[in-house]
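Student: fold the following and give me the result.
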Amino acid sequence: MPKLALFDLDGTLVRAGGCGRLALNAAVKKLYGRDNVCAGISLEGCTDKQNFSSAYTVARGRKASARDIALISKTYLSLLPAEVEKAAREKRYFKLPGIDRFLAELKKRGVMVALGTGNLKGGAYLKLGPSGLAGHFECGGFGCDGFTRLEMLKAAVRRAEKLAGTKIAPAQIYVIGDTPKDVSAGKEGGYHTAAVTDGFAPREALLNAAPELLEKDFSDMRPWLVWLGLERDPKGVKRASYIFPDCGIEHVQFGRTGMDTEQLRLMKKKRNAKLAKKVF
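Tutor: Numbers count the residues shown, from 1 in each chain. Below you'll find the model as predicted:
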C-alpha cells in the first residue's frame with residue numbers, strides 16, 4: 001500500500017511574502033471600497049473560501065453568498081500574479097530550508113506527494129511558481145474543494161487513490177503543515193500529523209495542538225524519514241502512531257519531544273495558574 005504525504009503550502013513549503021493577504025486586501029478594496037480588510041480577520045490555517053467569506057462579512061456587514069465568494073475569488077486570482085511577482089522581486093519570497101531535497105527523497109523512496117492546501121487551485125500554483133516546487137506534486141486538495149480543511153484533505157486523498165489505483169489507509173497518510181488547524185484537520189481525518197515551526201504559528205500553539213512530529217524545517221531529514229516509517233527509529237521505539245489506532249478512546253500520543261498531550265495540558269494549566277496569581 002502506498003504512503004501519501006500531504007503538504008500545506010503557505011508557511012510549510014514557502015513563505016510567500018504575504019502575497020495572498022495583499023491580493024485579498026486589493027480585491028476587497030476594488031469590489032467594496034474597504035481598505036486593509038485582512039487586518040480584521042485571521043487567515044492562518046483557513047481555506048480561501050473561509051477567508052473570502054470572512055473578508056466579505058467584515059467589508060459588507062453580512063454573510064457572504066456563494067456568488068459573493070465566487071466574485072471575490074475571481075478578482076483575487078486576477079490580482080495575485082502581480083503580488084507573487086513583486087514578493088519574489090523584493091526577496092520577500094523564499095522556500096523553507098531543505099524542502100527541495102526532502103521532496104526529492106520522498107519521490108525516490110516511492111512516497112506519493114500531494115498538496116493539501118487551503119489555497120484555491122489556481123492560487124496555489126501561482127504561489128508555487130517562483131519556487132520551482134510544483135512539479136513534485138502528483139495531485140492535491142485545494143480551497144475550492146470545500147469550506148473546511150478536512151474536506152480539502154479528503155479531496156486530496158481521493159485524487160491520490162485514483163492515481164494509485166487503490167485505496168490508501170489513513171495509517172499511510174501523513175499531513176504536514178504549520179498551524180494548529182493543519183494538525184487538527186489531519187487528526188480529524190485519522191491521519192498522521194507533523195508541523196514546522198518556521199511557518200506562521202507560534203511554537204507553543206503547535207505544541208498544544210500535539211502533532212506527532214514538530215521540526216523547525218526540513219534541513220534535517222532524519223526525523224521526517226523516521227516519522228514516515230522510512231527509516232528505523234534510532235531509539236528503537238515506534239513513534240508517530242496511536243497506541244490503539246482503532247480504538248475510540250483517546251490514548252497517549254508521543255512526539256519527538258517526549259511529551260504527550262496530557263503533559264501539555266498540565267503544563268498549560270500550571271502556566272495559567274501562575275499568570276492568575278500575578279494578576280491578583
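
Student: element containing Leu225, please.
Tutor: helix 221-227 (DSSP states H and E).

Student: also Tyr174?
Tutor: Per DSSP H and E: strand 173-177 holds Tyr174.

Student: which elements pack onto that strand?
Tutor: Applying 3 or more Cβ pairs under 8 Å, 6 or more residues apart in numbering; DSSP states H and E, one finds that strand 173-177 contacts strand 4-7, helix 180-188, strand 192-196. Where you see a C-beta, it was placed from the backbone N, CA and C, and this is true even at glycine.

Student: what pLDDT, on average, does it get?
Tutor: Strand 173-177 carries an average pLDDT of 98.

Student: got the angle between it and helix 180-188?
Tutor: Interaxial angle, strand 173-177 versus helix 180-188 (axes from the mean of the first three to the mean of the last three Cα atoms, to 10 degrees): 170 degrees.

Student: how far does strand 173-177 sit from its chain's centre?
Tutor: How far strand 173-177 lies from its chain's middle: 8 Å, per Cα atoms, centre = their mean, to the nearest Å.

Student: what sits up against it?
Tutor: Strand 173-177 has contacts (Cβ atoms under 8 Å, 6 or more residues apart in numbering) with 3-8, 11-12, 45, 116, 153, 157, 182-183, 185-186, 189, 191-196, 199, 227-228.

Student: strand partners (parallel or antiparallel) of that strand?
Tutor: In the sheet, strand 173-177 lines up against strand 4-7 (parallel), strand 192-196 (parallel) (DSSP bridges).

Student: okay, domains of the protein per the record?
Tutor: Domain ranges of the chain: 4-14+94-271, 17-89, per automatic domain parsing.

Student: ok now the first one, how far from the chain's centre?
Tutor: Shown here is domain 4-14+94-271, whose average C-alpha point lies 7 Å from the average C-alpha point of the whole chain (Cα atoms, centre = their mean).

Student: how many residues are close by Lys167?
Tutor: 10 (other Cβ atoms under 10 Å).

Student: how far away is it from Glu161?
Tutor: 6 Å (Cβ to Cβ, to the nearest Å).

Student: which residue ranges form the strands in the chain?
Tutor: Applying DSSP state E to the chain gives strands spanning 4-7, 14-15, 94-95, 112-116, 139-141, 173-177, 192-196, 213-215.

Student: okay, those in CSV with mean neighbour count and distance to Lys74 next?
Tutor: Formatted as CSV, those follow (neighbours: other Cβ atoms under 10 Å; distance: least, Cβ to Cβ, whole Å):
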stretch, mean neighbour count, distance to Lys74
strand 4-7, 26, 26
strand 14-15, 20, 24
strand 94-95, 16, 29
strand 112-116, 25, 21
strand 139-141, 24, 21
strand 173-177, 27, 27
strand 192-196, 28, 32
strand 213-215, 21, 37
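
Student: tell me which of those lies nearest to Leu80.
Tutor: Nearest to Leu80, of all these, is strand 14-15, at 13.9 Å by Cβ to Cβ.

Student: so what's Val14 up against?
Tutor: Tyr93, Phe94, Lys95, Leu96, Lys127, Leu128, Ser131, Leu133.

Student: now the last one. Nearest residue, chain neighbours left out?
Tutor: Taking Cβ to Cβ, 6 or more residues apart in numbering, and ignoring the residues beside it in sequence, Leu133 has Leu13 as its nearest neighbour in space, at 5.9 Å.

Student: lovely, talk soon.
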